[in-house]
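>>> quick one: sequence plus predicted model below, questions after.
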Amino acid sequence: MAKPTLTAKLTQSFVDGIRAAETDCVWWDSELTGFGLRVLPSGVRSYLIKYRNADRKSRQLVIGSADALKLFQARDKARELLASVALGGDPLADRQAKRQAVEEKPLTVAAICRDYLEKAQAGQVGGRKIPGTSKVRPKAASTVAIDVGRVERHIVPLIGARAMASLRQTDIQKLYDDIAEGRTATKPTKTKARGRAVVSGGHGTAARVIELLGGIWSWAKKRGVVEGESPVRGITKMGVQAKQRVLSSDELRRLGAVINEKRRDLPMACAAVELLAFSGCRREEVVALRWSEIDADGRCLRLEDTKTGRSVRPLSQAALGVLKAWPRLGESGFVFPARNGQRSADLKKSIASIFDAAGLRDARSHDLRRTFATAAAGLEYSDAVVGMLIGHRARGVTEAHYIRRPDAVLVAAADATAEFIRKSLAGQTAEVITARFGEAAV
């Protein structure tokens, strides 16, 4: 049975609104002929073009992941490729020819890393396992962006020109040592994205880069590109003490005072910090929050894309109060939209400035998440409850598939914890929050 032809005027809001399909389907753009959005049942969405080459053979070419590319970027690329077709070109044949030319030479580390990242950006590389199943979800776009930085700033400069198949354990150990000793460290540099990037070394950075390289080796081995045991195995890595920074009640009071002082100058950042303090969410979860993800009646956040996939979080009364007081800005659907209205705001620097003004230069937004969790533990809530409050990855099938909304006990725990934090920000309690978590990361 032939698949129905689906046509729509593709807009960014249309793309953002589509998450999964019952079957593999393509929505073709009504404005640019041959340009479309493919949606898979897994939720993977990719932009592509359809055309006929000079021999009148039908071709389809994937441009990239809808999570990695904005609609206008994909449409511009589609126009470029379709224009080349009109002049007699064949973009798919050109791509295949380039890959064949590379495969005829010993594949370098840089080439294999680029191929890996290209597939990851198109949603074709597995990430975290879906709890209760043998399947994995595609690597999150935010994780892929971090992978790109580690490849470009550490792996490629040090061993990019080496043939991947020639790597030995001694080479990887030297790579680890060089990164740990700061050989790839740089001064702050301007990036294509907003802000400035600082490439640092250290054992923590080195360990994460080596872990990524091991994953790329395994990915390449499954596709017959390399053979044998991974050279990453058996590398000596130094242990790094996990950060356990928790804000005391006095530090929360100072932070609350700065929030009140800067509410007029930095209203968006102040609201975001309060929401972080009252929810235990990660910074990126709050900054990229959409109004559609807020279920006020169900007293929860229904987050579509987090570090652990979709997540339902209890919404405390204090956090709900922040959201009810915050106006809807623009039509992007983001709670904290950027000025151009096409994405969420970049609040990293302004949030950091609030901590700095409170004299907390060694603390940042993630320490509020750790403080929320520690406060909940101090109120005698179990580790399981604390984990559900802050959205730790579900441990079993029941948590992963059957919980649709938090129960009254979990909401009450969120309320009690957030109220403790709220009073601390307002300077109404002299209690000191002490860390008692044994977990390495929150």
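Sure, I can see it.
>>> okay, CA-based contacts and neighbour counts for the rest of this
Fine.
>>> check Asn53 and give its pLDDT.
If you check Asn53, the pLDDT there is 92.
>>> got phi/psi on it?
With angles defined as degrees, to the nearest 10, Asn53 sits at phi -80, psi -170.
>>> what about the nearest residue to it once chain neighbours are set aside, how many neighbours?
Leaving aside its sequence neighbours, Asn53 sits nearest to Asp90 (CA to CA, 6 or more residues apart in numbering; 5.8 Å). By other CA atoms under 10 Å, 20 other residues sit near Asp90.
>>> cool, Phe14 as well?
11.
>>> who's in contact with Gly34?
Listed by CA atoms under 8 Å, 6 or more residues apart in numbering, the contact partners of Gly34 are Trp28, Ile49, Lys50, Tyr51, Leu82.
>>> oh sorry, the question was meant for Leu301
Going by CA under 8 Å, 6+ apart, the list of residues near Leu301 reads Glu293, Ile294, Asp295, Ser311, Val312, Arg313, Pro314, Leu315.
>>> helix or strand for it, which one?
In this structure, Leu301 sits in strand 300-306 according to DSSP states H and E.
>>> then Ile172?
In the assignment (DSSP H and E), Ile172 maps to helix 169-180.
>>> tell me the buried residues in that helix?
Of all the residues in helix 169-180, those buried under the rule 16 or more other CA atoms under 10 Å are Ile172, Gln173, Leu175, Tyr176, Asp177, Asp178, Ile179, Ala180.
>>> also stretch 6-23?
Neighbour counts over stretch 6-23 (16+ other CA under 10 Å) mark Leu10, Val15, Ala20, Ala21 as buried.
>>> before we move on, what about stretch 203-221?
Result for stretch 203-221 [16+ other CA under 10 Å]: buried residues 203-207, 209-210, 212-214, 216-221.
>>> ok, stretch 40-58 next?
For stretch 40-58, a neighbour-count test (16+ other CA under 10 Å) marks Leu40, Gly43, Val44, Arg45, Ser46, Tyr47, Leu48, Ile49, Lys50, Tyr51, Arg52, Asn53 as buried.
>>> surely the fourth one touches Ile63?
Read that as Arg45. No. Counting by CA atoms under 8 Å, Arg45 does not reach Ile63; the two are 11.0 Å apart.
>>> residue ranges in the stretch 301-442 of the chain under the pLDDT threshold?
For the stretch 301-442 of the chain, applying pLDDT under 70 flags the ranges 308, 393-405, 429-442.
>>> likewise for the stretch 101-250 of the chain?
Using pLDDT under 70, the stretch 101-250 of the chain drops low at 101-105, 130-134, 186-201, 239-243.
>>> what ranges do the helices span in it?
109-121, 141-150, 156-159, 169-180, 203-222, 249-262 (DSSP state H, counting those that start in this stretch).
>>> could you dump those to CSV with distance to Arg339?
Shown next, in CSV, are the helices of the stretch 101-250 of the chain (distance: least, CA to CA, whole Å):
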stretch, distance to Arg339
helix 109-121, 26
helix 141-150, 21
helix 156-159, 35
helix 169-180, 38
helix 203-222, 34
helix 249-262, 20
